[in-house]
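Asks: A predicted structure for the sequence below; I have some questions about it.
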Amino acid sequence: MTKTEATAEIFLLAFHSLPRPQRSAVVSRLLADPEFGKDLIDIALMAQREDEPSRPYEEFVQELQLEGRL
């Protein structure tokens, strides 16, 4: 386990040990943070698309150029 994973595990354990009203307060504060919300969306999109095949970056850029989006 990496140091980052260990830190995450400690925070999660502490979060789970809180009474339900305090857990709800923490989640509400996190969801009210615009940057955290963007991070959540990014994580959800990555998880949703993890089984999609990857392709070279250059190919992606070339496609955008052909479509006039870059």
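Replies: Structure's in. What do you need?
Asks: Buried residues in the helix or strand that contains Val61, which are they?
Replies: Val61 is part of helix 57-66 when elements are defined by DSSP states H and E. For helix 57-66, the buried set under the neighbour-count rule, 16 or more other CB atoms under 10 Å, is empty. Using the backbone N, CA and C atoms, a C-beta is placed for each residue, glycine as well.
Asks: who touches that helix?
Replies: Leu70 (CB atoms under 8 Å, 6 or more residues apart in numbering).
Asks: send the alpha carbons of stretch 50-67 over as CSV?
Replies: Provided in CSV are the C-alpha atoms of stretch 50-67 (Å, rounded to 0.1, in the frame of the first residue of the first chain):
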residue,chain,number,x,y,z
GLU,A,50,-12.6,2.6,-18.3
ASP,A,51,-13.5,-0.3,-20.6
GLU,A,52,-13.3,1.8,-23.8
PRO,A,53,-10.2,1.2,-25.9
SER,A,54,-7.6,3.9,-25.8
ARG,A,55,-5.9,5.6,-28.8
PRO,A,56,-2.9,7.6,-29.4
TYR,A,57,-3.1,11.3,-28.5
GLU,A,58,-1.8,12.3,-31.9
GLU,A,59,-4.7,10.5,-33.5
PHE,A,60,-7.2,12.3,-31.3
VAL,A,61,-5.7,15.7,-32.1
GLN,A,62,-5.8,14.9,-35.8
GLU,A,63,-9.4,14.0,-35.6
LEU,A,64,-10.2,17.3,-33.8
GLN,A,65,-8.3,19.2,-36.5
LEU,A,66,-10.2,17.4,-39.3
GLU,A,67,-13.5,18.2,-37.7
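Asks: avg pLDDT for it?
Replies: In this model, stretch 50-67 has a mean pLDDT of 94.
Asks: Check stretch 25-33 too.
Replies: pLDDT averaged over stretch 25-33 gives 94.
Asks: residues making contact with that stretch?
Replies: In contact with stretch 25-33 (CB under 8 Å, 6+ apart) are residues Phe15, Leu18, Phe36, Gly37.
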